[in-house]
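Colleague: give the three-dimensional model of this entry:
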Amino acid sequence: MTAVASPSLLKEVIRLGKLRLSTSVVFSSLVGYLLGYQSFNWLILLLLIVGGICVVAASNAFNQIYEKEQDALMNRTKNRPIPLGTLTLTQAYTASFTLLIIGLLCLYFINSLTAIFGAISVVLYALVYTPMKAKTPLAVFVGAIPGAIPYMLGWVAARNDFDIETGTLFAQQFFWQFPHFWAIAWFSFDDYSRAGYNLLPSLAKNRSSQIYIITYTIWMIIVGILPVFNITGELTLSYLGAAGVMALGLWVLSDAIKLLKSGSDEVARKLMLSSIGYLTGMQIIYVIDRYI
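Modeller: Residues are numbered from 1 along each chain as shown. Purely as a prediction, here's the structure:
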């Protein structure tokens, strides 16, 4: 019989913290810093990246600890470290608190306000959003708050303040999350149901949920181009940049309308992917727009 090597502890901790997701979320913080800095500082940027990855990973880890029983019931999560048994609860808790402490210390070395917002994101995600998921679809609105913090966190790290610019960045990523997450909730409806989750806004794959998705997609587009009107302080956007963001937004809206017409899981997956393309593309446009 051939012996099967057990996965390494480090590899399982990385899976517990969802490193790929954590890194993608921190990309938003990086963009926020590039939009907000007045005097570029490599140390601040490094602390922001490391601190952000650790804080997001800690949030993901606490989420998996709390949802270990539900994760075991869903196809998309049953192979996570805790339900699979490759990490014990003690190991998971130790990793989670270690990541949290390292992350918050990194953010605190930037400035205290950055650390405060980082801590708020963990508390809301792990202690409010996660328990709410099994009770009400309103959890999505609560979860969108910590989900929107990373984008504005970069500006806070650069400026050490919270003003109209940070509020706008927050709103842009806040409204983006609804078509993105509801698309996932649509094509994962049966899988979520096995674990007792129903996160669509009307609790069903129906026309009402489809209208919600379209409505919040429109709001996403509006806040995405808001800086072109010169009402968001030092956060600005050229007409050309706004046209690019609008084009990306219409791509998402087109998929949302297709979902309204077909209701198919395949279209919902396309909506999820186009929403990712929108957020990444919008942020890249904002950075390029600042330097041209």
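Colleague: okay, CA-based contacts and neighbour counts for the rest of this
Modeller: Noted.
Colleague: in stretch 76-84, what counts as buried?
Modeller: Neighbour-count burial for stretch 76-84, with 16 or more other C-alpha atoms under 10 Å as criterion, is recorded at 77-78, 80-83.
Colleague: tell me which of the residues you listed fall in helices.
Modeller: Among the buried residues of stretch 76-84, DSSP state H puts 81-83 in helices.
Colleague: let's have those residues in JSON lines, adding distance to D190.
Modeller: Output for those, formatted as JSON lines (distance: C-alpha to C-alpha, whole Å):
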{"residue": "P81", "distance to D190": "22"}
{"residue": "I82", "distance to D190": "22"}
{"residue": "P83", "distance to D190": "19"}
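Colleague: list the buried ones in the helix or strand where R269 lies?
Modeller: Per DSSP states H and E, R269 falls inside helix 265-290. Judged by neighbour count using 16+ other C-alpha under 10 Å, the buried positions of helix 265-290 are 265, 267-276, 278-280, 282-283, 285-287, 289.
Colleague: helices and strands around it, which ones?
Modeller: Here helix 265-290 touches helix 19-36, helix 164-187, helix 239-262, going by 3 or more C-alpha pairs under 8 Å, 6 or more residues apart in numbering; DSSP states H and E.
Colleague: do you know which of those helices lies nearest M220?
Modeller: Closest to M220 of the helices and strands packed on helix 265-290 is helix 164-187 (C-alpha to C-alpha; 5.0 Å).
Colleague: and the closest one, average pLDDT?
Modeller: When pLDDT is averaged along helix 164-187, the result is 97.
Colleague: quick check: next helix or strand after it?
Modeller: Counting by DSSP H and E, the next helix or strand C-terminal to helix 164-187 is helix 189-194.
Colleague: and after that following helix, which helix or strand comes next?
Modeller: Following helix 189-194 in sequence, per DSSP H and E, is helix 207-225.
Colleague: pretty sure V156 is touching F162, no?
Modeller: Yes - in this structure V156 lies within contact range of F162 using C-alpha atoms under 8 Å: 6.4 Å.
Colleague: which residue ranges of the stretch 1-150 of the chain form helices?
Modeller: Along the stretch 1-150 of the chain, counting by DSSP state H, counting those that start in this stretch, helices occupy 9-16, 19-36, 42-66, 68-71, 81-84, 89-110, 112-122, 130-132, 139-159.
Colleague: please produce TSV containing those, extended by mean pLDDT.
Modeller: Shown next, in TSV, are these (pLDDT from 0 to 100):
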stretch	mean pLDDT
helix 9-16	90
helix 19-36	91
helix 42-66	95
helix 68-71	90
helix 81-84	92
helix 89-110	96
helix 112-122	97
helix 130-132	93
helix 139-159	96
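Colleague: as CSV, the ones you listed with distance to G167 would be great.
Modeller: Listed next are the helices of the stretch 1-150 of the chain as CSV, based on distance: least, C-alpha to C-alpha, whole Å:
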stretch, distance to G167
helix 9-16, 31
helix 19-36, 12
helix 42-66, 19
helix 68-71, 34
helix 81-84, 36
helix 89-110, 19
helix 112-122, 13
helix 130-132, 24
helix 139-159, 7
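Colleague: next, the contact list for the spatially most central residue of the chain, please.
Modeller: Centrality entry for the chain: nearest residue to the mean C-alpha point is G147, 4.1 Å, by C-alpha atoms, centre = their mean. Applying C-alpha atoms under 8 Å, 6 or more residues apart in numbering to G147 gives the contacts 121, 173-174, 177.
Colleague: re earlier: which residue of V156 and F162 possesses the greater neighbour count?
Modeller: The neighbour comparison of V156 against F162 (other C-alpha atoms under 10 Å) goes to V156, with 27 against 14.
Colleague: which residue, other than its chain neighbours, is closest to the more buried one?
Modeller: Spatial nearest neighbour of V156, excluding adjacent residues (C-alpha to C-alpha, 6 or more residues apart in numbering): T114 at 6.0 Å.
Colleague: thought the one you found was touching L107?
Modeller: Yes - counting by C-alpha under 8 Å, T114 touches L107, with 5.7 Å between them.
Colleague: tell me, what's touching those two both at once?
Modeller: With C-alpha under 8 Å, 6+ apart as the test, T114 and L107 reach no residue in common.
Colleague: OK, contacts around P146?
Modeller: Taking C-alpha under 8 Å, 6+ apart, we find P146 in contact with 120-122, 124-125.
Colleague: what's the answer for G103, then?
Modeller: So G103 contacts 50-55 (C-alpha under 8 Å, 6+ apart).
Colleague: please apply the same query to A157.
Modeller: Here A157 is in contact with 33, 44, 48, 110-111, 113-114 (C-alpha under 8 Å, 6+ apart).
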